[in-house]
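Asker: Sequence plus predicted model, see below.
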There are 2 protein chains.
Amino acid sequence: MLETVSEEPETETSNVPDIVVGRLPLYLRALSEMAMAGKLFTSSQELAAALGISSAQIRKDLSHFGEFGKQGTGYAVLELRDHLRQILQLDREWPVIVIGAGHIGSAVANYSGFAQRGFRVVAVFDNAPERIGTSIGAHRVKAMSELGAVIAQWRVQHAMLTVPAEFAQPVADQIIVAGIKAILNYAPTTLAVPPQVHVEYIDPVLHLQRMTYYL
Amino acid sequence: MLETVSEEPETETSNVPDIVVGRLPLYLRALSEMAMAGKLFTSSQELAAALGISSAQIRKDLSHFGEFGKQGTGYAVLELRDHLRQILQLDREWPVIVIGAGHIGSAVANYSGFAQRGFRVVAVFDNAPERIGTSIGAHRVKAMSELGAVIAQWRVQHAMLTVPAEFAQPVADQIIVAGIKAILNYAPTTLAVPPQVHVEYIDPVLHLQRMTYYL
């Protein structure tokens, strides 16, 4: 994500550089695709070609977590995939809540791509009376007053924030107080959060603007 | 975006590092917020606090494009905003097409945040007969056979790709042949494209997985 691009080499919770951690999900995605295609072995060169990252970078990144590749045969796809899942703590399913039941919130709540990759949307919230109680896929939109109960019931730590930009900060404050530790923010604004809370950003316009520079 | 994080310092079309270009839209967003709030001047320290990027980095990034800040008064918000718009070629409106009229495509086509930031969705395409002709906001979903005519009419260079992962590569090939130069790919897979075509990626699961490492 643009906002997390940084030259800081270390984080306080780990001695693996944040930029390396950011590439692990990408390796996991490529390995999962290979596994689904029935592939048994791969190489840093093949991963490099698939991902547009240099093979030297890939070998260096993976070396933070032990010795995976074997001279001659390369990486065992399933073994490396499962190891990355473990490193990323994706060998279990994490509950996620969606805050904001507008167009983006609805699309996210209906997105089928979470389940196989470690996440499950357990509830969708909104504060607009006309939206509370309506259906989004299998979910009945809940009132913000139910937030605490849902977070406690499912032990939720992840939230996707799909509210308008002007409400993003107050809503973020509210869900952090309720126990959320990781926020994926779809509102086009930067959030101020305590150091123990993680934020990632999705703003499609930033990506369009970046590419436009080169046209 | 995770996929474009790279240590390569230069691109072939510019001598401004790609990683700096990637931060410019973020500066522009912050400056536009300040302008809307009626703020006249700002500083690299204030931008740093708003964005979580160091003030030294911000000054260094902006120095690639000339002398903006003045000792004592800082940056003139409107001037710097307009200059960044010019650098990013956002002093005009760019037409964008959406390929894929599912949940995400519909949300993107209805998203009101493009207009003020340089982009306008001019058409939505799908290849499913049951979707062609249906309405998404102000758009009537068009057949892929109409792609060439729409691209020619609006001189479209940008596309947002919101098709399932297994169709992303063939559809990307098709729109590139038709003239698309910049693809924002929402499908959770890496695309192979010719060197003159730019791709950025949005995959919410990558962001959730990255944060989960730290929980």
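Answerer: Everything's here; your move.
Asker: Just give me the neighbour total for residue A:70.
Answerer: Using other Cβ atoms under 10 Å in any protein chain shown, the number of residues around residue A:70 comes to 10. Yep, even glycine has a C-beta here, placed from its N, CA and C like the rest.
Asker: Check residue A:162 too.
Answerer: 27.
Asker: show me what contacts it?
Answerer: Counting by Cβ atoms under 8 Å, 6 or more residues apart in numbering or on different chains, residue A:162 touches A:98-100, A:102, A:104-105, A:108, A:186-187.
Asker: at 7 Å what do you get?
Answerer: Listed by Cβ atoms under 7 Å, 6 or more residues apart in numbering or on different chains, the contact set of residue A:162 reads A:98-100, A:102, A:104-105, A:108, A:186.
Asker: most centrally placed residue in chain A?
Answerer: Centroid check for chain A by Cα atoms, centre = their mean gives residue A:184 as the closest residue, at 7.1 Å.
Asker: strands paired with the top strand by length along chain A, and their directions?
Answerer: In chain A, assigned by DSSP state E, the strand with the most residues is strand A:119-126. Its sheet considered, strand A:119-126 pairs with strand A:94-99 (parallel), strand A:142-143 (parallel) by DSSP bridges.
Asker: any idea which helix or strand comes after the first one?
Answerer: Sequence-wise, the next helix or strand beyond strand A:94-99 is helix A:103-110, with elements assigned using DSSP states H and E.
Asker: Distance from the chain centre to the one helix or strand the residue nearest to the centre of chain A maps to, please.
Answerer: For residue A:184, the host element (DSSP H and E) is strand A:182-185. In this view, strand A:182-185 has its centroid 8 Å away from the chain centroid, taken as Cα atoms, centre = their mean, to the nearest Å.
Asker: hmm, it touching chain B?
Answerer: Yes: applying Cβ under 7 Å from any Cβ of the partner chain, one finds strand A:182-185 in contact with chain B at A:182, A:184.
Asker: average model confidence for the helix or strand immediately after that strand in the chain?
Answerer: Toward the C-terminus, strand A:182-185 is succeeded by strand A:198-201 as the next helix or strand (DSSP H and E). When pLDDT is averaged along strand A:198-201, the result is 96.
Asker: contacting residues for the residue in chain A sticking out farthest from the centre?
Answerer: Distance from the C-alpha centroid of chain A, by Cα atoms, centre = their mean, peaks at residue A:72 (33.7 Å). Contacts for residue A:72 were tallied using Cβ under 7 Å, 6+ apart; there are none.
Asker: Could you look up the SS state of it?
Answerer: coil (DSSP: H, G, I helix; E, B strand; the rest coil).
Asker: Now it. Its backbone dihedrals?
Answerer: phi 100, psi -50 (degrees, to the nearest 10).
Asker: Equivalent analysis for residue A:29, please.
Answerer: phi -60, psi -40.
Asker: Pretty sure it sits against residue B:201.
Answerer: No: using Cβ atoms under 7 Å as the test, residue A:29 is too far from residue B:201 to be in contact (10.3 Å).
Asker: more crowded one of those two?
Answerer: Counted by other Cβ under 10 Å, residue A:29 and residue B:201 do not tie: residue A:29 has more neighbours, with 24 against 21.
Asker: any idea what sits nearest the more buried one, other than its immediate chain neighbours?
Answerer: residue B:188 (6.4 Å; Cβ to Cβ, 6 or more residues apart in numbering or on different chains).
Asker: Wait, that neighbour touches residue A:113, no?
Answerer: Yes: with contact defined as Cβ under 7 Å, residue B:188 counts as touching residue A:113 (5.8 Å).
Asker: Of the two, give the one with the bigger neighbour count.
Answerer: residue B:188 (20 against 16).
Asker: Against residue A:80, how distant is that one?
Answerer: Counting by Cβ to Cβ, to the nearest Å, the gap from residue B:188 to residue A:80 is 19 Å.
Asker: now do residue A:155
Answerer: Residue A:155 is 29 Å from residue A:80, by Cβ to Cβ.
Asker: Looking at those two, which has the bigger crowd around it?
Answerer: residue A:80 (23 against 9).
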